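Trainee: Fold the following.
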Amino acid sequence: MEPYKLSDEALSFLKELCEAFGPPGFEDEVLRMVKEYGSRFADEVKRDNLGSLILVKGGSSSGPKVLIAGHADEVGFIVTGITKEGYVKFHALGGWWDQVLLSQRVVIKTRKGLVHGVIASKPPHLLKDEERNKVVKRDAMFIDVGATSKEEVEQLGVRIGDPIAPWSPFMKSATGKAIMGKAFDDRLGVFIALEAMRYLRESGAEHPNTLYVAATVQEEVGLRGASTTSWVVDPDVALVAEVDIAGDVPGISPYEAPTSLGKGPSIVTYDASMIPNQRLKEFVISVAEEAKIPYQLSLVPRGGTDAGRFHLYRTGRPSIVIGVPTRHIHSHVSVCCVSDLENAVRLLVEVVKRLDADTVRGFTEI
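Mentor: Purely as a prediction, here's the structure:
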C-alpha cells in the first residue's frame with residue numbers, strides 16, 4: 001500500500017475536530033467525534049472515569065501493549081462572574097499569554113446554547129500615557145457579548161462555571177502547504193494517532209502488539225487524563241502525539257526551539273516533565289532513518305506533555321513524544337505544515353510495526 005497521504009475525508013474530519021468545543025473538563029463534543037470516526041477501525045472502545053477515550057486494535061500477536069496518546073482538550077477559559085453592566089469576567093483553563101487575548105472572539109457554552117463574544121478592555125483612547133505603556137493584564141479584560149446589563153446576560157444562560165473556548169475557523173493557507181486554526185494543541189496529536197490506527201487497519205499492515213489510541217482529557221490543567229488512562233491501558237510503551245513549538249519565527253534562535261515547519265515531525269529529547277527512555281529514543285530515530293522519514297530532534301525546556309505521567313505509571317514505562325512543529329500554539333490561530341502531519345503518521349505507523357516483545361523488553365534491560 002502507498003505511504004500515508006492526507007485524504008480529503010481526513011482533512012474534513014481534522015477541520016471538524018479542531019473547530020469543536022473542548023476546553024479542559026468539557027471535552028465531550030470532541031470525544032464523540034473521535035468515537036464516531038475511530039470506532040470504524042478499532043476492535044474495541046473503552047473510557048476511563050475521568051472521560052478519556054481509548055480505542056483498541058489487535059495485531060498479529062498479543063505482544064506488548066503500545067499506547068499512542070493525544071489530548072482532546074484545548075486551552076480555554078471559565079466564567080467567573082458577570083458585571084452589572086453585562087460584561088463577562090473569566091479565568092484561564094491552561095496557559096495563556098495575556099497579549100494574545102485582546103480583540104479575539106470566543107464562544108461561551110451555556111445550558112441554553114452557545115453565546116458568542118469578544119475579549120476587550122478599557123478603550124485605548126481613554127488610557128493615560130502611563131497606562132498605554134503597560135501590558136494589559138487578563139484580570140483587566142472582559143468578554144463583551146453585546147448585552148447592556150447583568151440580567152440580560154443571565155437570560156442568555158451564562159453563569160459562573162460555564163466554559164469558554166476560542167472561536168476560529170479552520171482553513172488552508174494561501175500556499176496550500178499549511179493549515180491554520182485553533183486547538184491544534186492537541187487535536188493534531190489526536191488526529192495523527194487516529195490516522196496511524198486507520199492506516200494500519202486499511203493497509204492490512206501487521207504489527208506484533210496490541211495498539212491503544214487514547215484521546216486524553218484535561219492535559220492543559222495538569223496532565224490529568226494521562227494518569228487515569230494509564231490504569232485502563234496498562235501500557236508497556238507510550239508514544240505521545242503532540243505539537244512542538246516551531247522556532248522558525250523572527251526573534252527565536254535555533255537553540256531555543258530547534259524545529260521548523262516542513263522539515264518533518266520532531267522527536268523530543270527532553271522536556272520539563274520527562275527525559276525519555278534513551279533506548280526508545282534511539283529506536284525511533286533509527287526507524288525514521290530506515291524508513292526515510294524526515295525528522296527533527298527537539299527539546300522543550302519549559303513545557304510538558306502526557307508523557308510526563310505515562311513514564312511514571314506504576315514501575316515506570318518507556319515513553320517518548322513525537323511532535324508536529326506548530327507556530328503560535330496557545331493562541332486563537334496556530335499554523336502547521338501538511339507534510340509534517342503526514343510524516344508524523346508515517347513515523348508512528350513504522351514504529352508500531354516494529355514494537356515486538358523483544359524490542360520493548362530491550363528498552364529496560366541491563
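Trainee: My guess is residue 89 contacts residue 77. True?
Mentor: No. Applying Cβ atoms under 8 Å, one finds residue 89 not in contact with residue 77, separated by 9.8 Å. Just so you know, the C-beta spots here come from the backbone N, C-alpha and C atoms, and that holds for glycine as well.
Trainee: the helices in the stretch 251-366 of the chain, which residues?
Mentor: 278-290, 307-310, 338-354, 357-362 (DSSP state H, counting those that start in this stretch).
Trainee: related to what we said a few turns ago, mind checking which of residue 89 and residue 77 has more residues around it?
Mentor: More crowded of residue 89 and residue 77, by other Cβ atoms under 10 Å: residue 77, with 25 against 16.
Trainee: and the more buried one, what does it touch?
Mentor: 23, 90-93, 106, 163-165 (Cβ atoms under 8 Å, 6 or more residues apart in numbering).
Trainee: now do 7 Å
Mentor: 90-93, 164 (Cβ atoms under 7 Å, 6 or more residues apart in numbering).
Trainee: Can you name the helix or strand that it falls in?
Mentor: Element membership for residue 77 (DSSP states H and E) is strand 76-82.
Trainee: Direction included, what does that strand pair up with?
Mentor: strand 87-93 (antiparallel), strand 163-166 (antiparallel) (DSSP bridges).
Trainee: In that strand, which residues are buried?
Mentor: Buried residues in strand 76-82, counting neighbours by 16 or more other Cβ atoms under 10 Å, are found at 76-79, 82.
Trainee: for stretch 311-330, same thing?
Mentor: Buried-residue list, stretch 311-330, by 16+ other Cβ under 10 Å: 311-313, 317-330.
Trainee: With stretch 201-212 instead?
Mentor: 207-212.
Trainee: Among the residues you listed, which ones are in strands?
Mentor: 210-212 (DSSP state E).
Trainee: From the residues you listed, pick the one nearest residue 3.
Mentor: Checking these against residue 3 by Cβ to Cβ gives residue 211 as the nearest, at 18.6 Å.
Trainee: Next, the contact list for the closest one, please.
Mentor: Residues in contact with residue 211 (Cβ under 7 Å, 6+ apart) are 57, 59, 66, 197, 200, 352.
Trainee: Just give the number of residues close to the closest residue to residue 294 other than its chain neighbours.
Mentor: Excluding the flanking residues, the one nearest residue 294 by Cβ to Cβ, 6 or more residues apart in numbering is residue 264, at 3.1 Å. Residues near residue 264, counting by other Cβ under 10 Å, number 23.
Trainee: again with residue 15
Mentor: The burial count for residue 15: 17, using other Cβ under 10 Å.
Trainee: and what of residue 236?
Mentor: 20.
Trainee: quick one: contacts for residue 274?
Mentor: 307-308, 311, 319.
Trainee: For it, list each beta-bridge partner.
Mentor: Applying DSSP bridges, one finds that residue 274 bridges with residue 271.
Trainee: out of the strands paired with strand 76-82, deepest packed?
Mentor: Most buried of the strands paired with strand 76-82 by mean neighbour count (mean count of other Cβ atoms under 10 Å) is strand 163-166; its value is a mean of 24.
Trainee: contacting residues around it?
Mentor: 21-23, 26, 74, 76-79, 90, 104, 106-109, 182, 332.
Trainee: Among these, which lie within strands?
Mentor: Taking DSSP E as the definition of strands, the contacts of strand 163-166 contribute 76-79, 90, 106-109.
Trainee: what helix or strand does residue 18 sit in?
Mentor: helix 8-19.
Trainee: Check the gap between residue 10 and residue 316 for me.
Mentor: Distance, residue 10 to residue 316, by Cβ to Cβ, to the nearest Å: 35 Å.
Trainee: And residue 4, by the same measure?
Mentor: Distance from residue 4 to residue 316, counting by Cβ to Cβ: 31 Å.
Trainee: Just give me how far the longest helix seen in the chain sits from the chain centre.
Mentor: Longest helix in the chain, counting residues (DSSP state H): helix 184-203. Centroid separation between helix 184-203 and its chain, computed with Cα atoms, centre = their mean, to the nearest Å, is 12 Å.
Trainee: Report the angle between it and helix 8-19.
Mentor: Comparing the axes of helix 184-203 and helix 8-19 via axes from the mean of the first three to the mean of the last three Cα atoms, to 10 degrees yields an angle of 150 degrees.
Trainee: Show me what counts as buried in helix 184-203.
Mentor: Buried-residue list, helix 184-203, by 16+ other Cβ under 10 Å: 184-200.
Trainee: Now it: average pLDDT?
Mentor: Helix 184-203 shows a mean pLDDT of 97.
Trainee: Need the residues that contact it.
Mentor: By Cβ under 7 Å, 6+ apart, helix 184-203 touches 1, 4, 10, 14, 17-18, 34, 37-38, 41-42, 55, 57, 68-72, 74, 207, 211, 213, 215, 219, 241-243, 324, 326, 329-330, 334, 336, 341, 344-345, 348-349, 352.
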